[in-house]
Each structure stands twice: as structure tokens, then as C-alpha cells.
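Engineer: model this:
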Amino acid sequence: MSVETAVKPVLATVQPAPVDTRMASLRAVYIIWYRDILRYWRDRWRLVASLAQPLLFLVVFGSGLSSSLGGAFGRGSGISYIQFMYPGIIGMSILFTAIFGDRWAVAIGKALGGTTQAMIQGLILLVLAPFIGVKLSLLTVVELIPLAAVLAFGLASFGVAIASMMKSLQGFQVVMNFLMMPMFFLSGALFPLTNLPAWMTVLTRADPASYGIDPIRRVVLANSGLAHVDSLGLTINGQV
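Structural biologist: Okay, here's the model as predicted:
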């Protein structure tokens, strides 16, 4: 019996170990998420700079316009302009962080990384609530966490989708910088989405950020009687 004849039965019985593709994909998601969070946490100046912008908006716009409007804005609602603006600034922090966030594991890992970073920054801003007259109970904070998570994941997924169509990092940054400010101003963060021109109303309804900021505002400023935007849109946006 030749060596070749003797080896053939042995080779026939040796089969490669089956690979659990689902576990491998989940591990890839975790590794990408962990890498993004590690980079974010080590870059302390990035965290400080990302918090400076919402604070600047809150102080300059909130204090300045609140003084200019006087009691006119709060008439009939029982809230000041800076209190109205506060939930919008939380949404702005989530928007500006999450949106910069082929294989689905890569896409989901990047989206989850952006989601976690955006939630950290959004929730850090909750410590400012007592200083502007907004009372947050433990139940309110618990309600805010899933809203912030869905908004952050939806916007992070939107950013990943845009990035997948770009051929260069520079092109992605140009497009995102072009989209971010209109999305922020049309989200209702700075003014109520009522009594607007018809064309602007259409744009606000097409803005995914508005479906996240409105539910956040309703939770933070309960029973304020503000304009309603169906929160189902937020859930749908988060699943895209």
C-alpha cells in the first residue's frame, strides 16, 4: 500500500471546525465599539471642546435672548426661554457627536460607538439643570436615557450611511458640516415649531433630529403644553 493510499482516509476524516459567524460578527461589533470608546476617553481635550459648544449656546443664546424676550416667551407656558432651550441643547450635543460617527458588523460597531459617546455628552449636560431652574427627578432621568439612546443611534447610523457613500474623509466632513447646522436649527432646539411658513414646516418634518428633541423636551419640561411631534418617528429613525 502506497503512502498516498494510506493518507487519503485520514485526510477524508479531518474536517475544519465550524465557525459561528454570528458570534464572530458580534465580536467584531464589540471590538469596533470598544476601540471608538477607548479613543474617545483618552482624548480629554476632545471631550472638553465638545462640551464647550453647547455651553456657549446655552449661555449666549439662552441668557441673551431670555433677557431680550423678557416674560413674553414664557407667557402661557410657565417656562423661560433658557428652560425651553435646555432640552434642545442636550439634543444638539447628541447630534454633533453622533453624526460623525459594507459589512454590517463595522456599521453597527461604529454606530454604537458614536451612540455611547453622544449619550455620555448629553447626560453630562443634565448637571446644569438645577442652575437654570429645571427640576429633574430620578424618573425623568430614567425616561431620558432610552430617548437619548435612540436619538444618538439614529443619528450615528445616519452619519455612517453618509460616510459609506463618500470617497474621502474630507468629502465626508464637508457634507456633514453642511448638514449639521440646518438640522440643528430646524430641529426645534432654539424655537417652537409652530406658526412657521409652510415650506419651513416641511423641512422640520424631514429633519430626523426634531423627532428626538421634541420627546426629550416633553420629558424634561412635563406639562408645558408645547407643540407635539409624534415620538414614533424617533423610534423609526433609530431603526434605519
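Engineer: Okay, buried residues for the helix or strand Val160 falls within please.
Structural biologist: Element membership for Val160 (DSSP states H and E) is helix 138-165. Of all the residues in helix 138-165, those buried under the rule 16 or more other C-beta atoms under 10 Å are 143-144, 147-160, 162-163. All C-beta spots, glycine's among them, are computed from the backbone N, C-alpha and C.
Engineer: Report pLDDT for the residue nearest to Phe96 when sequence neighbours are not counted.
Structural biologist: In space, and not counting its chain neighbours, Phe96 is closest to Met180: 6.4 Å by C-beta to C-beta, 6 or more residues apart in numbering. Per-residue confidence (pLDDT) for Met180: 83.
Engineer: quick one: contacts of the helix or strand hosting Met180?
Structural biologist: Using DSSP H and E, Met180 sits within helix 169-185. The contact list for helix 169-185 (C-beta atoms under 8 Å, 6 or more residues apart in numbering) reads 92, 95-96, 99-100, 159, 162-163, 166, 203, 207-209.
Engineer: filter these to the buried ones?
Structural biologist: Buried among the contacts of helix 169-185 (16+ other C-beta under 10 Å): Met92, Leu95, Phe96, Ile99, Phe100, Gly159, Ile162, Ala163, Asp207, Pro208, Ala209.
Engineer: Tell me which two in those residues are the farthest apart.
Structural biologist: Farthest-apart pair in these is Met92 and Ala163; separation 20.6 Å (C-beta to C-beta).
Engineer: can you give me the helices in the chain?
Structural biologist: 3-13, 21-42, 44-57, 64-69, 81-98, 104-124, 138-165, 169-185, 198-206, 210-220, 232-239 (DSSP state H).
Engineer: Alpha carbons of stretch 185-201, as CSV, please.
Structural biologist: Below are the C-alpha coordinates for stretch 185-201, written out as CSV (Å, rounded to 0.1, in the frame of the first residue of the first chain):
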residue,chain,number,x,y,z
PHE,A,185,-31.7,74.9,13.6
LEU,A,186,-34.7,73.1,12.1
SER,A,187,-35.0,70.6,14.9
GLY,A,188,-36.8,73.0,17.3
ALA,A,189,-33.9,73.2,19.6
LEU,A,190,-34.0,77.1,19.6
PHE,A,191,-37.6,77.9,18.9
PRO,A,192,-41.0,76.2,18.9
LEU,A,193,-42.0,74.5,15.6
THR,A,194,-45.4,76.3,15.5
ASN,A,195,-46.7,79.1,13.2
LEU,A,196,-43.9,78.5,10.7
PRO,A,197,-44.1,79.1,7.0
ALA,A,198,-45.4,76.1,5.1
TRP,A,199,-42.0,75.4,3.4
MET,A,200,-40.2,75.5,6.7
THR,A,201,-42.7,73.2,8.3
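Engineer: For the helix holding Val160, enumerate the helices and strands it packs against.
Structural biologist: Packing partners of helix 138-165 (3 or more C-beta pairs under 8 Å, 6 or more residues apart in numbering; DSSP states H and E): helix 81-98, helix 104-124, helix 169-185, helix 210-220, helix 232-239.
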